[in-house]
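Participant: got a predicted structure here, sequence first:
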Amino acid sequence: MQHAVGSPLPPPHQPGQGPTGWQPAAQHPGAPQGPAPVPPPPTAPPQPPLPPLPPDTTGHVPLPPGAPVGMPSAPPAAAVPDPTTTTLAVLLIGPAGAGKTSVAKYWADHRRVPTAHISLDDVREWVRSGFADPQSGWNDHSEAQYRLARRTCGFAARNFLANGISCILDDAVFPDRPVVGLGGWKRHVGPGLLPVVLLPGLDIVLERNAERTGNRRLTDEEVARIHGRMAGWYGSGLPIIDNSQLDVPTTARLLDEVLSRAIASPPTW
């Protein structure tokens, strides 16, 4: 059967009905016959709106916000703090070739609690196109990219710490630039950050720098200049480790001893 263009289609065939759109004869003879009224489809009751997702979530796992890290609470005088089982935020300072990255990786790998290593150089090199290499000359672009990388590392550290994961950061922080150096890290991470200086002799850093490749290898003149500026940390009150004659595991163990003393009596910086 054909239907005029634009006319409504007949209702679908239902079990127990006659031909589509028609109902069986009524019980009383002579009752008028015609199309059966089609009941409107049932409507579902209105549903309440879904509650908004809580802020800072990943899937269904809520993450605590990364607030600034406070100073670690000092243990009782008789207690000896164990830095291997304490959630810590550590800043490892030193010149190029001091072994910061190697020590930080080893220390993070061998702790008994979850620990992250956050490398400033790695984060800085996320910039691919337009990377401002300080070897080509220090300028506003390289300065801005270093500051941006430090701030990114600070955000990452706060988020790790807020979720119970320790972190160790490494950076060549100069004592003669307190606002950009330690002051910047304190703003980005919090006053609970524990700075430790790794400062071997000049001949050692020159030898280690010579083994580097790519843009992380500096000229001997630049290494000597950086090392000379780092000497300003002597007398600053920060703990200093001379790892000239120490291998990486021994330096990491000495770092634990230094951090144990820093937890008991946090340095003023």
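Facilitator: Nice, I can see it.

Participant: neighbours of the nearest residue to Leu254 once chain neighbours are set aside, how many?
Facilitator: Spatial nearest neighbour of Leu254, excluding adjacent residues (C-beta to C-beta, 6 or more residues apart in numbering): Ile241 at 5.7 Å. C-betas here are computed from N, CA, C, even on glycine. When neighbours are defined as other C-beta atoms under 10 Å, Ile241 has 21 of them.

Participant: try Leu148
Facilitator: So Leu148, with other C-beta under 10 Å, has 14 neighbours.

Participant: surely the residue nearest to Leu254 is in contact with Trp233?
Facilitator: No. At 10.9 Å, Ile241 does not count as touching Trp233 under the criterion of C-beta atoms under 8 Å.

Participant: where do the contact lists of those two overlap?
Facilitator: Residues touching both Ile241 and Trp233 (C-beta atoms under 8 Å, 6 or more residues apart in numbering): 197, 199.

Participant: tell me where the stretch 151-269 of the chain is predicted with low confidence.
Facilitator: 179, 215, 269 (pLDDT under 70).

Participant: follow-up on the earlier one: tell me the bridge partners for the residue nearest to Leu254.
Facilitator: Legend: beta-bridge partners of Ile241 under DSSP bridges are Leu198.

Participant: contacts only, for it.
Facilitator: 196-199, 251, 254-255, 258.

Participant: strands of the protein, start to end?
Facilitator: With strands called from DSSP state E, the chain shows them at 57-58, 61-62, 89-93, 115-119, 166-171, 194-198, 240-241.

Participant: among those strands, which comes closest to Gly130?
Facilitator: strand 115-119 (20.3 Å; C-beta to C-beta).

Participant: quick check: buried residues in the closest one?
Facilitator: For strand 115-119, burial by neighbour count (16 or more other C-beta atoms under 10 Å) applies to 115, 117-119.

Participant: again with stretch 220-238
Facilitator: Buried residues in stretch 220-238 (16+ other C-beta under 10 Å): 223-224, 226-227, 230, 233, 236, 238.

Participant: which of those residues lies closest to Trp185?
Facilitator: Leu238 (12.2 Å).

Participant: so how far is Val197 from that closest one?
Facilitator: As judged by C-beta to C-beta, to the nearest Å, Leu238 and Val197 stand 5 Å apart.
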